[in-house]
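Engineer: Take a look and give me a structure for this.
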Amino acid sequence: MKSEPEVYSITDLQHQRETIWDGVRNYQARNFLLQMELGDLTFFYHFNTSYPGIVGLMPIVKTAIADPTQFEPTSKYYDPKSSPESPRCQTVGVEFVETFSNPILLSTLKEKFSSDELLLVRPGNRLWVMPVLSAVAKKILPISFVTS
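Structural biologist: Here you go, the predicted structure:
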């Protein structure tokens, strides 16, 4: 799950301890959110920064939440076709687990994984939410323990 650190960072999550992942409007990314289950462990990825990369972990603690920003007329994510009775945008709740002492940079991910293994490294991929196969995740996690 990706976020710009100036908008919402792993540090923000650490302070809040728990939040919902709101504002996702891309249909493919929203479908990935709908597939998430309680307890799924997700990577927190910072992008649009000098050194984009995976900076920490967070589990899914709530599913099937109606994204409240779709109902707020002043929100840039407002959806006039959506109602509380029939929400068009669903999201998940996440909780802080840890910040990596050594972020896993995008450059490292590109070196170690093909675009078939990891959607994140696929050229032109702009999704804010994307799946990571369990076998790939098991290869990613140890990289955070490697010191530079």
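Engineer: Tell me the buried residues in stretch 60-78?
Structural biologist: Neighbour counts over stretch 60-78 (16 or more other CB atoms under 10 Å) mark 60, 63, 65, 66, 67, 69, 70, 71, 77 as buried. Every residue, glycine included, has its C-beta placed from N, CA and C.
Engineer: Kindly list the longest helix within this structure.
Structural biologist: Assignment by DSSP state H gives helix 27-35 as the longest helix of the chain.
Engineer: tell me the mean pLDDT over that one?
Structural biologist: In this model, helix 27-35 has an average pLDDT of 94.
Engineer: Give me the buried stretch members for that helix, please.
Structural biologist: Judged by neighbour count using 16+ other CB under 10 Å, the buried positions of helix 27-35 are 29, 30, 32, 33.
Engineer: thinking again about what came up before, can you list the buried residues of stretch 60-78 in CSV and add secondary structure and pLDDT?
Structural biologist: Converted to CSV, the buried residues of stretch 60-78 look like this (DSSP: H, G, I helix; E, B strand; the rest coil; pLDDT from 0 to 100):
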residue, secondary structure, pLDDT
60, strand, 98
63, strand, 97
65, strand, 97
66, strand, 97
67, coil, 97
69, helix, 96
70, helix, 97
71, helix, 97
77, coil, 94
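Engineer: can you pull out the helices in this structure?
Structural biologist: 10-16, 27-35, 106-112, 134-140.
Engineer: All good on my end, thank you.
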